[in-house]
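>>> Kindly generate the corresponding structure for this input.
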Amino acid sequence: MSLRILQIMNRVPWPLKDGGSLGYYNYIKGYSENGCEVSVAALNTRKHYVSQLPAELTQLAQWHLVECDTSIKPLHAVANVLKGDTSYQMQRFHKQEFADLLVALLKHQTFDVIIFESLFVASYLKYVKPHTKALLVLREHNIEFEIWDKLAAGSNNPIRKWYMMHLANRIRLDEIEALQLFDAYTTVTTQDAEKLKELGCIKPIRVSPAGMDLKLLKPSANAQNGRIAFIGSLEWMPNQEAVLWFIKNVWPMVKNHPKLLSCEIAGRNMPESFNSYSENKLIMAGEVPDAAAFLENKQILIVPLFSGSGIRVKIIEGMALGKTVICTPIAWQGIQCKDKTHLLQATDANSFALAIIKCLEDEDFSKQLGVNARLCAEENYENKNVTAAVINYYKDLIHERRF
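Below you'll find the model as predicted:
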């Protein structure tokens, strides 16, 4: 049975420079490679605007786009606080023209499964449901309110802290409401699945992690153990928080090590203020055209994350590339690997610095971690296998509904 799948997205997953784009793209590709007929309806946001869809996308799916400005507008945010009945995050991604497009699409096409990719497009369910008999699935890439909870906890600005707490509470209510409305759910980690159950979800939930096309990701013989890298979308606040924490708390303890060659920070939409931190051996690379090419000569990948949920796709990509990953506990939650075997966990600045120094001084140990990480990625995260498993989940649910 070949499934006809419609994915509804809050952005076009291109270019493939951040974990969010990779997570969306790899599932589109996996569904297609497993024989599904895939359509994608996406908001073409000003922040991630794509003027022309590349062949890498059009050869995998039929695309339906609506332009949408999701930029943050302070007056709208204040109005939402005063009288909004949903979170400002949800409000930003709602556009009537997109709802109309979905209705028109469903009047002319039939789908077996419709997947709402993230909470931010869940508001379109009320337009979709009357026009389809498809299985309606919400894919939770993160537990969104937890991100804002943790950002609020780490903020020292009282006004900023209050607003983040307010936003977290509003998003939490949005997530609880969404858990009553869909036929089924998928999450990327076991922890997130358990959180949905705690919030009251009694519908089927499937843990379906991020996948990687391992044929395209090969360890590099040019990787130098003294070269360290961070890469991730720097428009995402948890990544900004992570980089600043590393620079202020860890970098002073490692920057003078004789075996350290460089530490490069890369990511899309890097704040201009980050350039002020550049110094000898610490390079603010900003946006790079190709993540794998950027990482080619680096052996150590740092992920000092303290906020967020879901799964860090960049860690899985780094593992597939045979990198030595050093990260905080929250960064690798949900990833099927072991501390000190496939990566190194560091809980605070001192342990993070010591982990880097250990890898700099023991190159054999560092590179063996990378070898082990690649084997772990091959065993658990081959994209076609990951998506085949979730396709079978959809098929089982469809079969149960028929009989």
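
>>> Wait, residue 204 touches residue 185, no?
Yes - Residue 204 lies in contact with residue 185 (Cβ atoms under 8 Å); the separation is 7.1 Å. In short, each C-beta sits where N, CA and C put it, glycine included.

>>> Neighbour count: the two, which is higher?
residue 185 (21 against 16; other Cβ atoms under 10 Å).

>>> Quick check: the more buried one is in a strand.
Yes - assigned with DSSP: H, G, I helix; E, B strand; the rest coil, residue 185 falls within a strand.

>>> Make residue 1 into 23 and carry on from there
Right, with 23 as the first residue, what we last looked at is residue 207.

>>> Please determine how far it is located from residue 169.
Residue 207 sits 18 Å away from residue 169, going by Cβ to Cβ, to the nearest Å.

>>> Could you pull up the residues touching residue 41?
The contact partners of residue 41, by Cβ atoms under 8 Å, 6 or more residues apart in numbering, come to 232, 254-255, 334-336, 339.

>>> quick one: which of these is nearest residue 417?
Proximity of those to residue 417 (Cβ to Cβ) peaks at residue 232, which lies at 21.1 Å.

>>> ok, and the closest non-adjacent residue to the closest one?
Sequence neighbours aside, residue 335 is the residue nearest to residue 232 in space, at 4.7 Å (criterion: Cβ to Cβ, 6 or more residues apart in numbering).

>>> For that neighbour, what are phi and psi?
phi -60, psi -30 (degrees, to the nearest 10).

>>> tally of neighbours for it?
Other residues within reach of residue 335, judged by other Cβ under 10 Å, total 25.

>>> show me the contacts for the residue nearest to residue 352 when sequence neighbours are not counted.
With Cβ to Cβ, 6+ apart as the measure, residue 327 is the residue that lies nearest to residue 352, at 5.6 Å, once sequence neighbours are left out. By Cβ under 8 Å, 6+ apart, residue 327 lies in contact with 260-261, 264, 334, 349-350, 352-353.

>>> Among the residues you listed, which ones are in strands?
Among the contacts of residue 327, the residues falling in strands (DSSP state E) are residue 349.

>>> Now render the contacts of residue 327 as TSV, adding pLDDT.
Converted to TSV, the contacts of residue 327 look like this (pLDDT from 0 to 100):
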residue	pLDDT
260	89
261	92
264	94
334	81
349	96
350	95
352	89
353	87
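
>>> quick one: which of the contacts of residue 327 sit in helices?
Within those, residues falling in helices by DSSP state H are 260-261, 264.

>>> Against residue 128, how distant is residue 62?
Distance from residue 62 to residue 128, by Cβ to Cβ: 14 Å.

>>> Who has more neighbours out of those two?
Neighbour totals were compared for residue 62 and residue 128, and residue 62 leads with 24 against 20 (other Cβ under 10 Å).
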